[in-house]
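1. Sequence first, then the predicted structure, then my questions.
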Amino acid sequence: MFRRFYGYMKNYRKYGLFSCACVALEVMFELVIPLVMADIIDVGVANADKNYILIKGAQMIICALLALVLGILYARYAA
């Protein structure tokens, strides 16, 4: 059955691989966000270090924006 579809998918192989890579990277960034939040609580709040909290918060925002962009790219190339 897959052999039959393989003939039709030759032109779209790079799009499929790119969309799989986008999903994998998006999931990676989504899984990093709770770890950064745990660092904020464990280190920043425990030590009352506002600078550390702001730096980790900026890292969290960057991770969220990268995940958003990768999600959009995945949807674009998967369609």
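-> Received it, and whenever you're ready, just let me know what you need. Numbering: from 1, shown residues only.
2. Show me the residue at the heart of this protein, geometrically.
-> Nearest to the mean C-alpha position of the chain, counting by CA atoms, centre = their mean, stands Glu26 at 2.1 Å.
3. Tell me who's in contact with that one.
-> By CB atoms under 8 Å, 6 or more residues apart in numbering, Glu26 lies in contact with 67, 70-71, 74. Just so you know, the C-beta spots here come from the backbone N, C-alpha and C atoms, and that holds for glycine as well.
4. any chance you could map the helices in this protein?
-> Using DSSP state H, the helices of the chain run over 2-9, 13-39, 46-47, 50-78.
5. quick one: the shortest one to chain centroid distance?
-> Think helix 46-47. In terms of CA atoms, centre = their mean, to the nearest Å, the centre of helix 46-47 is set 29 Å apart from its chain centre.
6. contacts for that helix?
-> The contact list for helix 46-47, computed with CB under 8 Å, 6+ apart, is empty.
7. Quick check: Ser19 touching Ile72?
-> No: applying CB atoms under 8 Å as the test, Ser19 and Ile72 come out as separate, 11.4 Å apart.
8. out of these two, which sits in the more crowded spot?
-> When neighbours are counted by other CB atoms under 10 Å, Ser19 and Ile72 differ, and Ser19 comes out ahead with 19 against 12.
9. Could you measure from that one over to Arg76?
-> Plainly put, Ser19 is 8 Å away from Arg76 if you go by CB to CB, to the nearest Å.
10. Next: Leu66.
-> From Leu66 over to Arg76 (counting by CB to CB), the distance is 16 Å.
11. Among those two, which residue is more densely surrounded?
-> Neighbours per residue (other CB under 10 Å) separate Leu66 from Arg76, with Leu66 holding more: 16 against 12.
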